[in-house]
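A.B. asks: Pasting the sequence and the predicted model now:
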Amino acid sequence: MLTRANLFGALVFVAVAISALFLPPWLVSLATIAFANALVVLGLVILWRTGLVPFGQALFYAIGAYAVALIGRYTPIRDVFVVVLAGAVAAGVVAYVIGFLLARYREIFFAMLSLAMSMILYGILVKSEALGSTDGFHVEAGSFLGWRPQGALRNLALFWLVLGFCAIAAWVVGVYFRSVAGSMAIPMRDNEIRVEFLGLSVDRLVHLKLVISGVLAGIGGALAALAVQHVDPQMAYWTTSGGFVFVTVLAGAGSVAAAFVGSLAFELVRSIAVALLPGAWQLILGSALLLTILFLPEGLGSLYSRLRRKPAAPKEQPGGPS
């Protein structure tokens with residue numbers, strides 16, 4: 001169904017795609033990584049709405065990235081859409097399997113279990129020589145594009161590829177939020193027992209959200225591997241998961257667009273902070289998060305709703321002068 005919001009979102013994506021022709025290469029590269037990571041944040045938003053905060057989303061991110069690297073290293077497959085979808089499927093299968101365990105837990109137990117799963121993968125990647133050990137793998141992005149563009153042309157091709165996947169993911173998640181399963185997020189967060197009384201299984205709904213978020217993270221990891229052209233165990237480390245949670249707090253769970261805006265803002269702030277204060281850039285990021293929590297507790301996405309909110313007209317007092 002074509003709605004006004006879908007049409008506006010499509011126009012925004014087209015405008016962003018065209019604007020890349022006039023942006024400096026470094027900014028195009030930064031936006032490519034930001035939008036790839038935004039897919040992971042979008043998956044976190046799905047879980048965040050139910051009150052679940054996973055600290056192990058880097059697990060699926062790394063699986064998607066390593067799927068691309070391993071296919072490029074050990075198979076003749078070079079179709080970019082095939083390898084990205086392979087990363088999505090691999091992450092989705094793992095999310096489906098461990099979802100039987102994670103869906104039974106809530107709050108800090110859910111967060112710590114997801115973190116433990118991610119660190120298990122990190123340990124496997126570090127110790128396994130077949131998986132590149134601590135050095136990881138090089139990914140030749142040009143070979144997956146069917147041709148070997150160089151420099152700014154390659155950056156543009158990768159940017160448009162990532163943007164296309166982001167547009168599809170944004171539309172699919174928007175449809176999901178309007179479905180019965182997606183609209184149950186806030187009721188699940190507030191009172192799971194009432195949701196069960198409606199005849200819905202909360203554990204199954206959480207399991208479904210875990211799989212969707214895992215698939216999105218797998219796509220994001222696959223695209224990030226193509227953009228960075230390298231994968232290593234750090235992609236599965238807890239600090240990577242923490243960065244995704246940071247961006248989710250910054251963006252808020254109010255809208256789909258907030259995930260992309262928040263991720264781009266995070267990458268811009270981090271790049272500027274590293275350039276200005278190489279030894280204290282974490283201080284700038286921490287301050288930005290603190291200010292967001294204090295003045296925008298619902299994230300950057302709440303700015304749009306605040307601007308649209310009109311002040312209520314004063315009520316006429318009864319018995320006033322005629």
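C.D. replies: Received it, and whenever you're ready, just let me know what you need.

A.B. asks: Do a quick rundown of the strands in the stretch 101-250 of the chain.
C.D. replies: 137-138, 230-231 (DSSP state E, counting those that start in this stretch).

A.B. asks: With distance to Leu300 and mean pLDDT as extra columns, can I get the ones you listed in a markdown table?
C.D. replies: C-betas here are computed from N, CA, C, even on glycine. Formatted as a markdown table, the strands of the stretch 101-250 of the chain follow (distance: least, Cβ to Cβ, whole Å; pLDDT from 0 to 100):
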| stretch | distance to Leu300 | mean pLDDT |
| --- | --- | --- |
| strand 137-138 | 35 | 86 |
| strand 230-231 | 29 | 92 |
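
A.B. asks: Packed most tightly, which of the ones you listed would that be?
C.D. replies: strand 230-231 (a mean of 22; mean count of other Cβ atoms under 10 Å).

A.B. asks: other SSEs contacting that strand?
C.D. replies: Counting contacts by 3 or more Cβ pairs under 8 Å, 6 or more residues apart in numbering; DSSP states H and E, strand 230-231 is packed against helix 58-74, strand 137-138.

A.B. asks: and if we set it to 6 Å?
C.D. replies: Contact analysis of strand 230-231 by 3 or more Cβ pairs under 6 Å, 6 or more residues apart in numbering; DSSP states H and E lists helix 58-74 as its packing neighbours.

A.B. asks: Show me what the helix it packs on packs onto, helices and strands only.
C.D. replies: Helix 58-74 is packed against helix 80-102, helix 107-127, helix 202-228, strand 230-231, with contacts defined by 3+ Cβ pairs under 6 Å, 6+ apart.

A.B. asks: Report the buried residues of it.
C.D. replies: Neighbour-count burial for helix 58-74, with 16 or more other Cβ atoms under 10 Å as criterion, is recorded at 58-72.

A.B. asks: and what of stretch 241-255?
C.D. replies: In stretch 241-255, counting by 16+ other Cβ under 10 Å, buried: 241, 243-255.

A.B. asks: hmm, back to that, out of the buried residues of helix 58-74, which one has the weakest pLDDT?
C.D. replies: Note: of those, the lowest pLDDT belongs to Gly72, at 87.

A.B. asks: before we move on, the earlier item: now flag whichever of the buried residues of stretch 241-255 is closest to Leu205.
C.D. replies: Within the buried residues of stretch 241-255, the smallest distance to Leu205 is 16.2 Å, found for Ala253 (Cβ to Cβ).
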